[in-house]
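Trainee: Mind folding the following:
(one chain, ligands or ions: 2)
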Amino acid sequence: MELAEKIGRLKKDRKAVILAHNYQIPEVQDIADFVGDSLDLSIKASQTDAEVIVFCGVHFMAETAKILSPGKTVLLPDKKSGCPMADMITAEQLRALKAEHPGAKVLCYVNTSAEVKAECDLCCTSANAVRVVGEVLKDAGEIIFVPDRYLAAFVAGKTGRAFIVWQGFCPTHAQILPEHVQAARALHPGAVVMVHPECRPDVAALADQVISTGGMSRYAREAEAREMIVGTEPGIIHRLKKENPGKIFHPVSDSVVCPNMKRTSLEKILWSLEDMTHAIEVPEETASRARRCIEAMLNVGR
Ligand code: 13P
Ligand code: SF4
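Mentor: Ligands and ions are numbered 1, 2, ... in the order given. Below you'll find the predicted structure:
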């Protein structure tokens, strides 16, 4: 029996749903019940009536799903799939920063641990950060924004707000340099350049669109443009091509791979369903505090 077929059968037996991030390898995206960005996946995880969620992504995403659905079993097929950006700030470091700025509102990117979220007032993804700041935090005084300094710079530019920032960043997106964008534009004149807000500001400044991976998929579908340069992890190109067979997509550079997103395979998904591994657990004391800040984000929507 084919791996995909075995997974399909076991998925039914376990009453499981498979959620996959846009950066997953093509085979994983193809067997998933739903493929999306961090915000889409959080919403799906909070709404599904499946008993088990197999989360094909990185640890903070599966953890967010578990916080939103504490009664469900949430499985991460490869327990080493972490996010180095999320690991750049600990709850202890955030508490020290908060102590320096009493009274500041604390906003975290969803790319953080549950312990860090538990210290925050509000969460955001790259799809709704501008709205969260512009709407929910419009009357706030000081705002601490952790951990991504580049997302913070992007949102500051869009909202006119200044933030107290943490110096975190995504090691994958930080590899995209202005010369990559310039070279790609020279090779594909006329193509629209879209980049992720985790990119450096000097890269974002050269782009036509600075949007989340979900935003890229929507833009590719709705815009008239037929050719696009994709400034993010190239895993998303599989989905973009599948949804837009008549359009052309070029990675801004071939080396911008997130190794953690590539750890999930069909074999690991099958083992995960067979052995119910690796189940994510979050102590309820932490989860209940983290849940408030994630739910405040979900109320804002996209
Ligand atoms: P998206 O929410 O845009 O999918 O981004 C998640 C992420 O980790 C990007 O590196
Ligand atoms: Fe984390 Fe960057 Fe990988 Fe996204 S691409 S999961 S931010 S390391």
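
Trainee: Which residues of the stretch 201-302 of the chain lie near ligand 1?
Mentor: Neighbours of ligand 1 within the stretch 201-302 of the chain, by C-beta under 6 Å from any ligand atom: 212-213. The C-beta positions use only the backbone N, C-alpha and C, and glycine is treated the same way.

Trainee: residue boundaries of the strands in the stretch 151-300 of the chain?
Mentor: 164-165, 192-195, 209-210, 227-231, 248-251 (DSSP state E, counting those that start in this stretch).

Trainee: what's the helix or strand containing R95 in contact with?
Mentor: Per DSSP states H and E, R95 falls inside helix 91-100. Helix 91-100 has contacts (C-beta atoms under 8 Å, 6 or more residues apart in numbering) with 104, 106, 113, 115-116, 118-120, 144, 146, 164, 166.

Trainee: quick one: which of these is nearest to V132?
Mentor: Among the contacts of helix 91-100, C120 lies closest to V132 (C-beta to C-beta), at 11.4 Å.

Trainee: Any idea how many residues pack against that closest one?
Mentor: Number of residues near C120 (other C-beta atoms under 10 Å) recorded here: 27.

Trainee: Tell me, what's the model's pLDDT at S255?
Mentor: You'll see S255 listed with a pLDDT of 87.

Trainee: who's in contact with the residue lying closest to it once chain neighbours are set aside?
Mentor: Closest residue in space to S255, ignoring its immediate chain neighbours: Q175 at 6.5 Å, by C-beta to C-beta, 6 or more residues apart in numbering. Listed by C-beta under 8 Å, 6+ apart, the contact set of Q175 reads 253, 255-256.

Trainee: Please indicate which of those residues are buried?
Mentor: For those, a burial check counting by 16 or more other C-beta atoms under 10 Å picks out 253, 256.

Trainee: re earlier: and the residue nearest to S255, how close does it get to ligand 1?
Mentor: Computed with C-beta to the nearest ligand atom, to the nearest Å, the distance linking Q175 and ligand 1 is 12 Å.

Trainee: Roughly how far does that residue sit from G231?
Mentor: Remark: distance between Q175 and G231 (C-beta to C-beta, to the nearest Å) = 11 Å.

Trainee: shared neighbours, those two?
Mentor: V256.

Trainee: would you turn the strands of the stretch 151-300 of the chain into CSV with mean pLDDT and mean neighbour count?
Mentor: Formatted as CSV, the strands of the stretch 151-300 of the chain follow (pLDDT from 0 to 100; neighbours: other C-beta atoms under 10 Å):
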stretch, mean pLDDT, mean neighbour count
strand 164-165, 98, 18
strand 192-195, 98, 23
strand 209-210, 98, 20
strand 227-231, 98, 23
strand 248-251, 98, 18
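
Trainee: May I see the ones you listed organised as TSV, with distance to ligand 2 added?
Mentor: Conversion of the strands of the stretch 151-300 of the chain to TSV gives the following (distance: least, C-beta to the nearest ligand atom, whole Å):
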stretch	distance to ligand 2
strand 164-165	16
strand 192-195	13
strand 209-210	15
strand 227-231	12
strand 248-251	14
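
Trainee: could the ones you listed go into JSON lines alongside distance to I18?
Mentor: Converted to JSON lines, those look like this (distance: least, C-beta to C-beta, whole Å):
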{"stretch": "strand 164-165", "distance to I18": "35"}
{"stretch": "strand 192-195", "distance to I18": "27"}
{"stretch": "strand 209-210", "distance to I18": "29"}
{"stretch": "strand 227-231", "distance to I18": "24"}
{"stretch": "strand 248-251", "distance to I18": "24"}
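
Trainee: With E135 as the reference, name the closest of the ones you listed.
Mentor: strand 209-210 (19.1 Å).

Trainee: helices or strands up against the closest one?
Mentor: Where contact means 3 or more C-beta pairs under 8 Å, 6 or more residues apart in numbering; DSSP states H and E, strand 209-210 is packed against strand 192-195, helix 213-222.

Trainee: Return the distance of the helix or strand following the helix holding R95 from the chain's centre.
Mentor: Sequence-wise, the next helix or strand downstream of helix 91-100 (DSSP H and E) is strand 105-109. Averaging C-alpha positions (C-alpha atoms, centre = their mean, to the nearest Å) puts strand 105-109 16 Å from its chain's average.

Trainee: Give me the angle between strand 105-109 and helix 91-100.
Mentor: For strand 105-109 against helix 91-100, the angle by axes from the mean of the first three to the mean of the last three C-alpha atoms, to 10 degrees is 150 degrees.

Trainee: who does strand 105-109 pair up with?
Mentor: Paired neighbours of strand 105-109 in the sheet (DSSP bridges): strand 122-124 (parallel), strand 143-146 (parallel).

Trainee: Which of those has the highest mean neighbour count?
Mentor: Of all those, strand 122-124 carries the top mean neighbour count, a mean of 27, counting by mean count of other C-beta atoms under 10 Å.
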